[in-house]
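A.B. asks: sequence below, structure please.
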Amino acid sequence: MAKVATVITNLFEDVEFTEPAAAIRDAGHEVVIIEKKAGEQVEGKHGEKVTIDQGIDDVSVDDFDALLIPGGFSPDQLRADDRFVAFAKGFMDAQKPVFAICHGPQLLINAKSLEGRTATGYKSIVVDMAYAGANVKDEEVVVCNNQLVTSRTPDDIPAFNREIVKLLK
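C.D. replies: Residues are numbered from 1 along each chain as shown. The predicted structure follows:
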């Protein structure tokens, strides 16, 4: 069973959290929701309310097997906080699985973790990803080095979830 850290804050894209989290749980793994402070509640763009399990100051990359970064406005907000940037970078540096959808790769851009990687993301951030050194593909899901799984939009969630579950086996 894998323990998957999930970093979100307000205005995350609801289905980009709920559907991958459900797929991860359905495959027998644990999802731990991380934001600034445990016990707080965050709200998605479409009203999904989520209670935070652990605060960023109380976790370590060593505590987890993988990282999920849902999209929406959440990753853009989180990348302004060096603690979340360092957390994401830690997973990439340790070669632990990282799952980022839509705007999720924004956190990896700030972590300077996309150079030389093949990835995809939401159309409005692909130039930023390319400037960060990524080989950007316009595909529903891209798996790089059997470690980084990226997708573009909520429409890609079935393929995104399939590759997440496959990588966690």
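A.B. asks: which element is the nearest residue to Ser113 once chain neighbours are set aside on?
C.D. replies: Ranked by C-beta to C-beta, 6 or more residues apart in numbering and with sequence neighbours excluded, the top spatial neighbour of Ser113 is Met92, at 3.8 Å. Every residue, glycine included, has its C-beta placed from N, CA and C. Secondary structure from DSSP states H and E places Met92 in helix 82-93.
A.B. asks: for the chain, what spans make up the helices?
C.D. replies: Per DSSP state H, the chain carries helices over the ranges 14-26, 74-78, 82-93, 105-110, 126-131, 157-168.
A.B. asks: buried ones in the longest one?
C.D. replies: Using 16 or more other C-beta atoms under 10 Å as the test for burial, helix 14-26 gives Asp14, Val15, Glu16, Phe17, Thr18, Glu19, Pro20, Ala21, Ala23, Ile24.
A.B. asks: which one of these is nearest Glu43?
C.D. replies: Asp14 (9.1 Å; C-beta to C-beta).
A.B. asks: show the average pLDDT along stretch 129-142.
C.D. replies: For stretch 129-142, mean pLDDT rounds to 98.
A.B. asks: contacting residues for the spatially most central residue of the chain?
C.D. replies: Centroid-nearest residue in the chain, with C-alpha atoms, centre = their mean: Ile69, separated by 1.5 Å. Applying C-beta atoms under 8 Å, 6 or more residues apart in numbering, we find Ile69 in contact with Thr6, Val7, Pro75, Ala88, Val98, Phe99, Ala100, Ile101, Gly104, Pro105, Leu107, Leu108.
A.B. asks: one more time with 10 Å, if that's ok
C.D. replies: 5-8, 12, 16-17, 20, 75, 78-79, 84, 88, 91, 98-108, 150 (C-beta atoms under 10 Å, 6 or more residues apart in numbering).
A.B. asks: wait, Tyr122 touches Ser151, no?
C.D. replies: Yes. Taking C-beta atoms under 10 Å as the definition, Tyr122 is a contact partner of Ser151 at 9.3 Å.
A.B. asks: okay, those two: which has more neighbours?
C.D. replies: Taking neighbours as other C-beta atoms under 10 Å, Tyr122 and Ser151 compare with Ser151 leading, 31 against 20.
A.B. asks: so what's that one bridging to?
C.D. replies: Ile101 (DSSP bridges).
A.B. asks: please tell me how far it sits from Lys96.
C.D. replies: According to C-beta to C-beta, to the nearest Å, Ser151 stands 18 Å off from Lys96.
A.B. asks: out of the helices of the chain, which comes closest to Gln54?
C.D. replies: helix 82-93 (11.2 Å).
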